[in-house]
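[1] what shape does this take:
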Amino acid sequence: MTLAVIGVNHKTAPIELRERLAIGKDALPDVTRSLAGEPGVMECMIVSTCNRVELIAALDDSPADLTGFLNRQFGLDPGALAPHLYEHRDRQAVRHLFRVASSLDSMVVGEPQVLGQVKEAFAVAREAGTVSGQLEGLLQSAFAAAKRVRTETDIGANSVSIASVAVDLARKIFGSLNGRTVFLVGAGKMSELAARHLVQQGAGTILVCNRTLDRAQDMADRFRGRVVPFENLHEAASQADIVITSTGAPHHIFLREHGQAFLHKRRNRPMFFIDIAVPRDVDPAMNKLEGIFVYDIDDLQAVAASHLAERSRVAQDAESLIAAEVERFIERQRAVNVSPVIVALQRQAEEIRQNELRRMQARLGSLTAEQLAAIEALTRGIVNKFLHPPMQAIKQAARENDAARLEALCDTWSLPAIRETAPETELPAPGANETAAASKESEAVPQ
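    Residues are numbered from 1 along each chain as shown. A predicted model of the protein is given here:
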């Protein structure tokens with residue numbers, strides 16, 4: 001078994017490409033099942049957020065073309081996608097996934113939303129029937145590592161998110177948000193976070209619009225806002241000073257002509273659009289209109305960079321913790337993978353013990369139940385003490401990934417070779433099997 005992670009994120013691909021790869025919630029189960037049907041894919045899941053699209057797969061020994069799957073699934077020219085892809089295998093894939101779940105690979109280091117997004121992707125894959133033992137254990141370990149990072153470091157202190165960074169940008173643009181009318185388009189978690197920050201900054205009227213009216217009403221009730229029916233979206237938008245849009249629409253919902261109409265109704269008073277959706281909700285052409293300012297999620301990186309600098313020391317503590325968790329996971333996997341060898345050794349010893357007991361039974365004569373129990377305990381104790389050193393040696397060699405020592409131990413005890421019992425035993429040393437794209441991406445990750 002080979003563990004592979006392949007994808008693009010906010011560091012390697014512009015938003016124009018990421019929005020072409022974005023997978024909506026409704027489509028994610030079917031796309032995940034399609035990936036599971038690819039040759040060589042044993043288990044898989046897909047993480048698709050505004051900042052990344054990643055395929056996570058357990059592969060067998062046959063060739064698996066994950067890059068080709070992305071190109072075919074999204075109708076992309078291979079030459080357009082290849083420069084932006086990164087790929088990690090085995091140990092580096094484990095490390096990458098642990099870092100993603102712990103928000104160390106996020107645009108805003110320490111933001112709490114990504115763990116929930118990875119958990120949602122895992123839940124979708126489980127529901128679709130595309131994950132089982134291998135990825136189940138990996139993801140549970142990733143979640144445990146993320147919990148340790150959150151509880152044992154200060155990375156969650158003064159929590160920030162894409163939504164809070166967006167609000168910071170709006171405050172810098174206006175100077176003050178007091179009395180400003182804010183229009184939230186989309187009633188998801190991102191919009192809720194934005195609303196909470198806006199209220200804290202003194203925003204006035206809050207309008208909420210969502211395709212599902214009940215969700216819009218629930219959001220408006222939380223913030224004493226007013227619901228706008230989706231059919232009145234463009235009419236209501238002209239009332240807003242700030243529009244924060246975060247829908248799952250596959251196309252632009254605000255076009256240049258809408259912006260021209262907004263300016264006319266507002267008598268050229270400026271409007272600010274913060275588009276945190278991928279695919280984008282706002283046509284970039286609207287930014288060319290004088291009086292309308294559009295910021296998409298990639299524009300937020302400059303603001304996010306300041307948070308990253310402030311958290312560099314904490315991030316280093318978290319990186320050390322993640323490194324330790326990766327080693328723990330790999331050691332556990334090695335121990336599991338040599339279990340068949342240990343079982344074979346125990347079975348071999350038990351057969352010898354049973355044969356000797358049968359051979360001596362006639363000479364021992366009639367024994368009471370107590371005497372039989374005593375002999376059973378005595379012989380088992382001798383066997384267990386005799387097996388302890390070789391079993392510990394096998395486990396230690398597995399933990400140290402010492403293939404030569406494992407082979408020698410198996411030969412000494414006439415045990416089946418490790419590769420015969422568990423083909424997935426060995427994980428390569430750090431850096432092995434990494435593609436050039438993976439190396440470039442890894443160098444870009446702040447340490």
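
[2] what helix or strand does the closest residue to Pro284 other than its chain neighbours sit in?
    Spatial nearest neighbour of Pro284, chain neighbours left out: Val294 (6.7 Å); criterion: C-beta to C-beta, 6 or more residues apart in numbering. Placement of C-beta: from N, CA and C, glycine included. Assessed by DSSP states H and E, Val294 sits inside strand 292-296.

[3] got the contact list for Glu356?
    Thr379 (C-beta atoms under 8 Å, 6 or more residues apart in numbering).

[4] secondary structure element for it?
    Here Glu356 is assigned to helix 339-364, by DSSP H and E.

[5] now do Leu35
    Taking DSSP H and E as the criterion, Leu35 maps to helix 28-36.

[6] what residues sit buried inside that helix?
    Residues of helix 28-36 classed as buried by neighbour count (16 or more other C-beta atoms under 10 Å): Leu28, Pro29, Val31, Thr32, Ser34, Leu35, Ala36.

[7] got the CA coordinates for the helix or strand just after it in CSV?
    With elements assigned by DSSP H and E, the helix or strand that comes after helix 28-36 is strand 41-48. The C-alpha coordinates for strand 41-48 follow below in CSV (Å, rounded to 0.1, in the frame of the first residue of the first chain):
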residue,chain,number,x,y,z
VAL,A,41,-7.1,3.2,-5.9
MET,A,42,-7.9,1.1,-2.8
GLU,A,43,-9.4,3.9,-0.6
CYS,A,44,-9.8,7.6,-1.1
MET,A,45,-11.3,10.9,0.0
ILE,A,46,-11.2,14.5,-1.4
VAL,A,47,-10.8,17.7,0.5
SER,A,48,-12.2,20.7,-1.5
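
[8] residues contacting the following helix or strand past strand 41-48, please?
    With elements assigned by DSSP H and E, the helix or strand that comes after strand 41-48 is strand 52-59. Contacts of strand 52-59 with the rest of the structure, by C-beta under 8 Å, 6+ apart, involve 1-10, 18, 21-23, 35, 40-48, 64, 66, 69-70, 93, 97, 100, 134-135.

[9] go on, stretch 200-210?
    167, 171, 176-187, 191, 195, 198-199, 216-217, 219-220, 223-230, 232-233, 236, 239-240, 242, 247.

[10] chain center to it: distance?
    Averaged C-alpha coordinates place stretch 200-210 at 31 Å from its chain's average position (C-alpha atoms, centre = their mean, to the nearest Å).

[11] try stretch 53-70
    The answer for stretch 53-70 is 16 Å, by C-alpha atoms, centre = their mean.

[12] same deal with stretch 357-371?
    With C-alpha atoms, centre = their mean as the basis, the mean position of stretch 357-371 lies at 61 Å from the chain mean.

[13] repeat that for stretch 54-71.
    With C-alpha atoms, centre = their mean, you get 17 Å for stretch 54-71.

[14] tell me the mean pLDDT for it?
    Mean pLDDT, stretch 54-71: 92.

[15] show me which of the contacts of stretch 200-210 are buried.
    167, 171, 177, 180, 182-187, 191, 195, 198-199, 216-217, 219-220, 223, 225, 227-228, 230, 233, 236, 240, 242, 247.

[16] please flag which of the contacts of stretch 200-210 sit within helices.
    Using DSSP state H, the members of those that fall within helices are Val167, Arg171, Ser191, Ala195, Leu198, Val199, Ala216, Gln217, Met219, Ala220, Leu233, Ala236.

[17] return the residues in contact with the fifth one.
    With contacts taken as C-beta under 8 Å, 6+ apart, Leu198 has the following neighbours: Val167, Ala170, Leu177, Val182, Ile206, Ile242, Ile244.

[18] what about it, distance to Gly68?
    Look at Leu198 and Gly68: by C-beta to C-beta, to the nearest Å, they are 44 Å apart.

[19] same question for the third one.
    Distance check for Ser191 against Gly68: by C-beta to C-beta, it reads 36 Å.

[20] ramachandran coordinates for Gly202?
    In terms of degrees, to the nearest 10, the main-chain angles of Gly202 are phi 90, psi 20.

[21] low-confidence ranges, the stretch 301-447 of the chain, go.
    302-313, 334-339, 398-403, 406, 417-447 (pLDDT under 70).

[22] that one: strands as residue ranges?
    Applying DSSP state E, counting those that start in this stretch to the stretch 301-447 of the chain gives no strands.

[23] helices of that one, start to end?
    301-310, 312-337, 339-364, 369-399, 403-412, 418-421, 436-444 (DSSP state H, counting those that start in this stretch).

[24] on that earlier part again, closest one of the contacts of Leu198 to Ala128?
    Ile244 (31.8 Å; C-beta to C-beta).

[25] please settle this for me: is the closest one part of a strand?
    Yes - per DSSP: H, G, I helix; E, B strand; the rest coil, Ile244 lies within a strand segment.

[26] residues contacting the residue nearest the centre of the chain?
    Geometric centre of the chain, nearest residue: Val118, 4.2 Å, by C-alpha atoms, centre = their mean. For Val118, the contact set (C-beta under 8 Å, 6+ apart) comprises Val47, Val100, Ala101, Leu139, Ala142, Phe143.

[27] and with 7 Å instead?
    Val47, Val100, Ala101 (C-beta atoms under 7 Å, 6 or more residues apart in numbering).

[28] now do Gln217
    Here Gln217 is in contact with Val227 (C-beta under 7 Å, 6+ apart).

[29] and it, how far is that from Phe223?
    12 Å.
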